[in-house]
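S.K.: got a sequence here, can you model it:
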Amino acid sequence: MNSIRRWVLATFILTFLVVIAGGVVRTTQSGMGCPIGRSVLANGYTTNASELPPILKILRKQDIDHTFNALHTWIEYFNRLLGALLGLFALIQGFFIIS
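M.R.: Numbering: from 1, shown residues only. Okay, here's the model as predicted:
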């Protein structure tokens, strides 16, 4: 029973870390780890504005810096890594509760 309490506490703390990491991603505008121009070319689209998918046209109008920045990529990666770890913790916690 004591190990379950420690696991629940660890999951609770990890949840707050994921929320904080998400806030850092949002405030640093790191949500676009791959710049729009590179992702457009990688998906087979051209950089001609008339041929862009609608969502990319909307994103270009926003005040977001789309140039490549390695720090932004690492910030987004760390957030995703914490999110995946939280998912594993939640699955294991569910297993503890069921058994």
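S.K.: where are the low-confidence patches of this protein?
M.R.: For the chain, the stretches with pLDDT under 70 are 32-69.
S.K.: that one - how does it break down into domains?
M.R.: As recorded under automatic domain parsing, the domains making up the chain are 1-30+69-99, 33-68.
S.K.: the helices in this protein, which residues?
M.R.: Ranges of helices in the chain, per DSSP state H, are 2-27, 36-42, 54-61, 70-98.
S.K.: list the buried ones in the first one?
M.R.: Right, helix 2-27. 7, 11, 14, 18, 21, 25 (16 or more other Cβ atoms under 10 Å). All C-beta atoms are positioned from the backbone trio N, CA, C, and that covers glycine.
S.K.: okay if I get those as CSV plus distance to residue 72?
M.R.: Formatted as CSV, the buried residues of helix 2-27 follow (distance: Cβ to Cβ, whole Å):
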residue, distance to residue 72
7, 33
11, 28
14, 23
18, 18
21, 13
25, 9
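S.K.: what's the most distant pair in those residues?
M.R.: 7 and 25 (26.4 Å; Cβ to Cβ).
S.K.: let me know whether residue 17 touches residue 82 as I believe.
M.R.: Yes - shown here, residue 17 and residue 82 form a contact pair, counting by Cβ atoms under 8 Å, at 5.8 Å.
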